[in-house]
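Engineer: Would you be able to build a 3D model of this:
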Amino acid sequence: MLKFDLHYHANIFRLSPDKIRTRMEQHKQSIQKSEIDFIASTEHAYKDPLTAYLYLKEAVNDLETAVIPGIEALTKEGIDIIFLYTDEESLRLALKSLKPFGWKVSEAQALVRDTNGLMIVPHPRTPGHTGAANKLSEKDYQTLLSQADYVEIHNGASVLLRQLFQKKYLRPLVPSVLRKKVEDTFELPEKYRGVNLGWAVSSDAHYPKDQVYVGGTHFDITAPETYFEFLKRRIRFEPHQVSSSPSMIPTLLKNGLCVFLEALLKKHYKLFLQSSKL
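Structural biologist: Residues are numbered from 1 along each chain as shown. Below is the predicted model of the structure:
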């Protein structure tokens, strides 16, 4: 079985050199344990995705895992869209066109074509504010899917929240809308999957031990086919568990803080863009 994680964050932005070394060693140990074949470095556009890719690639250099260069880009509407590339130079060039809040959802098709990329619509129903299915009209969402290569049918950020919300003492306290979005992020309903798309199963890990489920397939890459050509086949990956779930409360608190800090970064970036236009 081939194992792909098409949504992964090194999460080293603004860390000190010592903390980066520690974090990358932890990433290496986790990835080595999962024995994953391909992992996509998809750092957020506002957190230096090129540097994240280079560090992750170096960290696993002596492992069997290949790192795919990518970015979790951010549209003017505040929607996350993932772009993957064949090599470092392609990512470098693409980043010039994929500035945070610098382009619209309606431009995604032209951007993925012009940058020779592969497009994934991640967590369409996320409980957060960046899911395409939450922000777009049904028509516009289906249009976006028709332009993409993959839709993320499982996002690992939902695993622990789902477990938490299933506890009997919490169920009455959790709004049904929130619970439904978490369920949809754990397993995306058919009506949000589009037509003839590949299915991405991703960890969306922001910390090394958060990689629980990845995408597995029994299809093989046949020489001289590259991994990029393989992905262009729009593989329908199935969930494959590579580790047990981390401790619930500490992990939820840690990831909650990460989400909060990322929201502040986005707000700061957006305010900077607005002030620079004055």
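Engineer: what's near enough to touch Trp199?
Structural biologist: Tyr150, Val151, Glu152, Ile153, Arg193, Gly215, Ile235, Arg236, Phe237, Glu238 (C-beta atoms under 8 Å, 6 or more residues apart in numbering). C-beta: built from backbone N, CA, C; applies to glycine.
Engineer: Of those residues - the most surrounded one?
Structural biologist: Within those, Glu152 tops the neighbour count with 30 neighbours, counted by other C-beta atoms under 10 Å.
Engineer: quick one: that residue is in a strand?
Structural biologist: Yes - checked against DSSP: H, G, I helix; E, B strand; the rest coil, Glu152 lies within a strand.
Engineer: That one touches His123, doesn't it?
Structural biologist: Yes - between Glu152 and His123 there is a contact at 5.7 Å, judged by C-beta atoms under 8 Å.
Engineer: isn't Ala148 right up against Met119?
Structural biologist: Yes - in this structure, Ala148 is within contact of Met119 by C-beta under 8 Å, at 4.4 Å.
Engineer: Which neighbours do the two have in common?
Structural biologist: By C-beta under 8 Å, 6+ apart, Ala148 and Met119 have these common neighbours: Ile81, Ala108.
Engineer: List the buried residues in the longest helix along the chain.
Structural biologist: Scanning the chain for the helix with the most residues, using DSSP state H, yields helix 248-276. The neighbour-count check on helix 248-276 (16 or more other C-beta atoms under 10 Å) flags Thr251, Lys254, Asn255, Glu262, Leu265, Lys266, Tyr269, Lys270 as buried.
Engineer: And for stretch 161-174?
Structural biologist: Going by neighbour count (16+ other C-beta under 10 Å), the buried part of stretch 161-174 is Leu161, Phe165, Val174.
Engineer: Quote the end-to-end distance of it.
Structural biologist: Chord length of stretch 161-174, first to last residue, is 11 Å (C-alpha to C-alpha, to the nearest Å).
Engineer: now stretch 97-117
Structural biologist: Distance across stretch 97-117, first residue to last, is 12 Å (C-alpha to C-alpha).
Engineer: and that stretch, average pLDDT?
Structural biologist: For stretch 97-117, mean pLDDT is 97.
Engineer: In it, which residues are buried?
Structural biologist: Those buried within stretch 97-117 under the rule 16+ other C-beta under 10 Å are Ser97, Leu98, Pro100, Phe101, Trp103, Val105, Ala108, Leu111, Val112, Thr115, Gly117.
Engineer: Stretch 5-17 now?
Structural biologist: Residues Asp5, Leu6, His7, Tyr8, His9, Ala10, Asn11, Ile12, Phe13 are the ones in stretch 5-17 that count as buried (16+ other C-beta under 10 Å).
Engineer: Out of these, which two are the most distant from each other?
Structural biologist: Every pair in the buried residues of stretch 5-17 was compared (C-beta to C-beta); the two farthest apart turn out to be Leu6 and Phe13, at 20.4 Å.
Engineer: picking that back up, so which of the buried residues of stretch 161-174 comes closest to Phe38?
Structural biologist: Among these, Leu161 lies closest to Phe38 (C-beta to C-beta), at 26.4 Å.
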